[in-house]
Structure formats: C-alpha cells, structure tokens
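[1] this one's sequence-less:
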C-alpha cells in the first residue's frame, strides 16, 4: 500500500458492514425476483434459463458483496487542505482526485437508515462537474468536515 494513503484520513470501519448489508438486501430482492420468474415460468411453461442464470450470477454477486467492501475500505482515503480536497479510491482501477476548493459549490451531509443506526453520515462535496462522496464518518466528524470544507470553499450554509 502507498505511504501517501497511510497519511490520509479514512472512513469509519463500520462502512464495510453497511456496504455488505446493503449488498445482501439487493441480492435478496434479485433472488426473490428470480424465484418468482422460475415459478411463473413453470406455470406458463416458459424457459427456465433466465431464472437459473440470474441465480448463478447471484452466487458470484454474493462473493463480491462480501469481499469488495473490505478492498474498497482499505483503498479509500481523503485529505483536506486549504487549497484542495484529495480523494483516493479504487481497488482494481485506482483513482486519485484533487478537488480545488474554488470549485466546490456546496457540501451536503446525508444519513440513511443504516448510517443512522451506526451513528454515521456521508459527506457529499458538489462541484459543477460531479459529486464526490466520503462514504461513512462518525456523525460529529462528518459535521466538522462539512463545516471545514464549507469554510475553506467559502460556501454559505443555509441551515444555520
């Protein structure tokens, strides 16, 4: 692993658990749809091949749901300076992104049900071109980061 990544801040370790739970919920919904297709296919004498292919792909998908979040967590890092936000991510295709503070339009804090359950939040840094996401930080750390980036980018917070 790159020494520069060691110097960067990381997301909370619970982000791995949250990613896995989300993936398994998605896999479960797809499995139910495949099972429903197989039942309907038997009743109407359709081909069973699409249902079996989907179930086979879910076995592979379950492995990715379990393994990928760990790789992603280990490779993701971020660093905030007065001039820019640096984001590192990826595990096959590595990405190192510099977001100039002058390009930041606004900063958002987002908390879905799983993030709230674990006391976490994600920070979204929005530019004209795209949205950069820092996936899972403790709520206090996420609020502090949002405020820090907002001040550095001179973004007005309309919530306060």
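    On my side now, so go ahead. Only a predicted model underlies this, so the values are computations on that prediction, with no experimental measurement involved. Residues are numbered from 1 along each chain as shown.
[2] what about stretch 70-80, distance to the chain center?
    Chain-centre distance of stretch 70-80: 11 Å, with C-alpha atoms, centre = their mean, to the nearest Å.
[3] residues making contact with it?
    For stretch 70-80, the external contacting residues (C-beta atoms under 8 Å, 6 or more residues apart in numbering) are 1, 5, 7-11, 13, 15-16, 19, 85-91, 94, 134-135, 145, 148-149, 152. For glycine as for every other residue, the C-beta is placed from the backbone atoms N, C-alpha and C.
[4] quick one: buried residues of it?
    For stretch 70-80, the neighbour count (16 or more other C-beta atoms under 10 Å) marks 72-73, 75-78, 80 as buried.
[5] again with stretch 87-99
    So stretch 87-99, judged by 16+ other C-beta under 10 Å, has buried residues 87-89, 99.
[6] What mean pLDDT does it get?
    Averaging pLDDT along stretch 87-99 yields 92.
[7] any low-confidence regions in this structure?
    1-6, 155-160 (pLDDT under 70).
[8] That concludes my questions; thank you for your assistance.
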